[in-house]
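Novice: pasting a predicted model and its sequence here:
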Amino acid sequence: MTLRWLSTQLWRHRVMGLLLTLAVTVILMLLATQSLQNTRDHNVRPSGERKQQKGHDHKHPPARSGSAPRHMVSSAEGIKKRLLPTAESVKQAIKKRRSPPPVAFLKTHKTGSSTVQNLLFRLGEREKATFAFPYYTYQFSYPERFRAEFVDKLPEGSSQFDLLCSHMRLDLSQLRQVMPPNVVLVTILREPLRTFESVFSYYTSSVPAFSRAKQAAARPRNKDRTALSVFLEDPESFWDPKEPWDGLAKNPMSFDMGLNNEEWNASWPEDLSHLEEAFDLVMIAEHFDESLVLLGALLGLEPQDLAYVRMNARHSSDVTMLDDDARAKLRSWNALDSLLYDFFLQEFWAKVEHFGLDRLKTGVAELRASTEKIRSKCVSRAAVHPSELEDLVRPWQTDTATVLGYEVKRNLSLEDQGFCVRLVLPELQYHSHLYFQQYGRDMRAMPTD
């Protein structure tokens with residue numbers, strides 16, 4: 001009787017309810033820890049059976065249309081002219097190392113994922129990776145479930161896609177049709193209450209449920225109340241489960257992971273088990289540096305490869321402080337996200353244990369030292385208001401949140417300028433640049449019909 005079989009049986013026959021679910025999860029993780037102590041080597045990523053289960057014949061999808069949300073599609077030609085020198089010259093200054101394996105990063109909303117994406121963009125550009133880009137704009141027809149046909153065609157001269165890290169709603173079977181069998185699958189989760197607060201702040205005007213709450217908050221009887229507090233008073237009255245974009249309005253991380261985000265159902269335990277099997281690493285935003293060290297071990301990266309600045313940070317005035325009442329309501333409304341986060345937090349600490357705590361502490365210290373050195377070289381000002389930033393490095397803004405950016409030091413060498421601009425380059429600009437570099441044309445805008 002294998003541990004996996006026992007785990008499945010326990011999941012299927014457990015008593016319904018969140019508290020018991022969490023208890024069973026803890027027990028399973030303890031059992032998994034004991035088993036893994038005897039079977040895993042010192043690498044973060046399990047091998048053998050898990051890797052065999054992930055292997056699938058690679059198919060290249062045809063170029064097809066999707067229905068991604070509208071974003072500005074800026075000219076990449078102008079961006080390209082500003083990003084001098086090319087990544088190749090930066091690469092020459094770094095000692096030769098083995099190329100990292102193919103990576104698929106599930107970019108979840110408001111979890112720190114843009115910071116990870118920027119790191120992967122820099123890595124991919126340096127390694128001349130072939131990116132799996134959306135056929136239209138910056139997202140894989142979100143909030144639809146990912147389909148292979150949402151991916152642009154494989155560029156001429158490339159044999160496979162090496163890196164995928166644009167927003168999607170996960171569908172594992174479809175993702176495996178796009179990426180090679182040895183792909184490393186990674187995502188990031190964040191404490192659910194802070195995640196939801198950030199999602200609400202950033203997407204107040206674009207998620208229908210949030211927009212309705214904003215309109216209700218503007219009524220005289222709700223004077224001096226925030227839109228978030230009005231929403232939490234009766235979220236069911238604002239939320240429409242049939243509205244696709246309302247997927248972010250309840251359990252947004254579960255929604256991004258492809259799970260049922262509306263309510264607990266019988267398939268949830270098995271679906272969660274499949275995700276645990278599929279992902280090589282689920283990073284935790286509250287332990288970001290530790291997560292990066294584990295990611296670096298998976299991909300064979302050096303501390304300088306993992307250096308970062310925090311992307312898409314909001315102005316402090318746009319961050320809502322949560323009192324006990326709001327926290328209780330958020331926890332109830334996002335109970336499935338709490339379960340998801342707690343489950344993978346346990347899994348994260350299991351990986352830390354097998355990686356080695358002392359080894360991890362050493363890696364974190366090296367990462368922070370390298371990051372501080374690179375930030376000191378590149379950044380003249382942090383948390384800069386968008387009105388003070390030039391277009392190249394100004395993050396995309398919403399009408400409900402002010403997203404801050406960075407000012408790069410002047411009088412840098414051409415090589416350092418190219419590196420430092422990429423370090424702080426916002427998602428949309430970097431995405432446009434890489435797409436143009438790969439295909440020789442600007443990204444396609446979404447059809448208006």
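Specialist: In hand now; what should we look at?

Novice: what sits closest to E388 if chain neighbours are left out?
Specialist: When the adjacent residues along the chain are set aside, E388 lies closest to E407, with 7.5 Å between them (CB to CB, 6 or more residues apart in numbering). Using the backbone N, CA and C atoms, a C-beta is placed for each residue, glycine as well.

Novice: surely that neighbour meets L389?
Specialist: Yes. When contacts are counted by CB atoms under 8 Å, E407 is listed as touching L389 (6.8 Å).

Novice: quick one: mean pLDDT for stretch 159-168?
Specialist: Throughout stretch 159-168, pLDDT has a mean value of 98.

Novice: list the buried residues of it.
Specialist: Residues of stretch 159-168 classed as buried by neighbour count (16 or more other CB atoms under 10 Å): 160-168.

Novice: one more: stretch 279-291?
Specialist: Under the neighbour-count criterion of 16+ other CB under 10 Å, stretch 279-291 has 279-285, 287-288, 290-291 buried.

Novice: now for T402: which residues touch it?
Specialist: Under the criterion of CB atoms under 8 Å, 6 or more residues apart in numbering, the contact list for T402 reads 314-315, 317-318, 385-386.

Novice: just the buried residues of those.
Specialist: Applying the neighbour count, that is 16+ other CB under 10 Å, the buried entries in the contacts of T402 are 314, 318, 386.

Novice: of these, which is the nearest to L360?
Specialist: R314 (29.5 Å; CB to CB).

Novice: test my guess that that closest one contacts V199.
Specialist: No. If you go by CB under 8 Å, R314 and V199 don't touch, sitting 11.7 Å apart.

Novice: in strands only, show me the buried residues of stretch 279-291.
Specialist: Within the buried residues of stretch 279-291, residues falling in strands by DSSP state E are 281-284.

Novice: mind putting those into TSV with pLDDT and distance to L295?
Specialist: Supplementary listing: those in TSV, determined by pLDDT from 0 to 100; distance: CB to CB, whole Å:
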residue	pLDDT	distance to L295
L281	98	6
V282	98	11
M283	98	7
I284	98	11
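
Novice: ok, so of the residues you listed, who is nearest M253?
Specialist: Within those, distances to M253 taken as CB to CB reach their minimum at V282, with 10.4 Å.

Novice: give the contact list for the closest one.
Specialist: V282 makes contacts with 186-189, 344, 347-348, as judged by CB under 8 Å, 6+ apart.

Novice: can you give me the helices for the stretch 251-400 of the chain?
Specialist: According to DSSP state H, counting those that start in this stretch, the stretch 251-400 of the chain carries its helices in the segments 252-256, 268-278, 288-299, 324-333, 335-355, 357-378.

Novice: most tightly surrounded among these?
Specialist: helix 252-256 (a mean of 26; mean count of other CB atoms under 10 Å).

Novice: tabulate the CA atom coordinates of it in CSV.
Specialist: Once non-C-alpha atoms are left out, helix 252-256 reads as follows in CSV (Å, rounded to 0.1, in the frame of the first residue of the first chain):
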residue,chain,number,x,y,z
PRO,A,252,-8.7,34.3,-6.7
MET,A,253,-5.6,32.0,-6.2
SER,A,254,-7.8,28.9,-6.5
PHE,A,255,-9.3,30.4,-9.6
ASP,A,256,-5.9,31.0,-11.2
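
Novice: now that helix, how far from the chain's geometric center?
Specialist: When distances are taken as CA atoms, centre = their mean, to the nearest Å, helix 252-256 is centred 11 Å away from the chain's centroid.

Novice: by contact count, what packs against it?
Specialist: Secondary structure elements in contact with helix 252-256, counted by 3 or more CB pairs under 8 Å, 6 or more residues apart in numbering; DSSP states H and E, are helix 192-202, helix 335-355.

Novice: what residues sit buried inside the helix or strand just after the shortest one?
Specialist: With elements assigned by DSSP states H and E, the helix or strand that comes after helix 192-202 is helix 208-217. The neighbour-count criterion (16+ other CB under 10 Å) identifies 208-214, 216-217 as the buried residues of helix 208-217.

Novice: cool, and stretch 143-158?
Specialist: Of the residues in stretch 143-158, those buried under the neighbour-count criterion (16+ other CB under 10 Å) are 143-144, 146-152, 154.

Novice: distance to P235 added to the ones in strands among the buried residues of stretch 279-291, as TSV?
Specialist: Formatted as TSV, those follow (distance: CB to CB, whole Å):
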residue	distance to P235
L281	32
V282	27
M283	28
I284	26
